[in-house]
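>>> Give me a 3D structure for the following:
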Amino acid sequence: MNISGKKNLTDSPCIGVCSATALGDPICRGCGRTFEEVHSWNTLSDAEKIEINQRLSLCTIIET
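Coordinates of the predicted model:
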């Protein structure tokens, strides 16, 4: 989060409800990232993080 309180496009979209790692789901029910995106987040470039966050902002995550 930046000084104005807005989320940066390189911030993790994690909301602490990870079904990708805890339940083995291919897509996390909490943030919508793939298993690979969750595990590789800290090694991704800023451009890759921005691309993922932009994709997620276009999607609606529906919990089932």
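>>> average pLDDT across the lengthiest helix in the chain?
Ranked by residue count under DSSP state H, the longest helix found in the chain is helix 46-58. Mean pLDDT, computed over helix 46-58, is 94.
>>> Show me what that helix is in contact with.
9-13, 31-33, 37, 41, 44 (CB atoms under 8 Å, 6 or more residues apart in numbering). (Glycine included, C-beta is placed from N, CA and C.)
>>> what about 10 Å?
Residues outside helix 46-58 that contact it (CB atoms under 10 Å, 6 or more residues apart in numbering): 7-13, 31-34, 37, 40-42, 44-45.
>>> Among those residues, name the buried ones.
Burial by neighbour count, judged by 16 or more other CB atoms under 10 Å, picks out 12-13, 31-33, 37, 41 from those.
>>> Need the max-distance pair from the residues you listed.
Greatest spatial distance among these (CB to CB): Gly32 and Trp41, at 12.9 Å.
>>> picking that back up, can you list the buried ones among the contacts of helix 46-58 in TSV and add secondary structure and distance to Gln54?
Converted to TSV, the buried ones among the contacts of helix 46-58 look like this (DSSP: H, G, I helix; E, B strand; the rest coil; distance: CB to CB, whole Å):
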residue	secondary structure	distance to Gln54
Ser12	coil	14
Pro13	coil	11
Cys31	coil	14
Gly32	coil	12
Arg33	coil	13
Glu37	helix	13
Trp41	helix	15
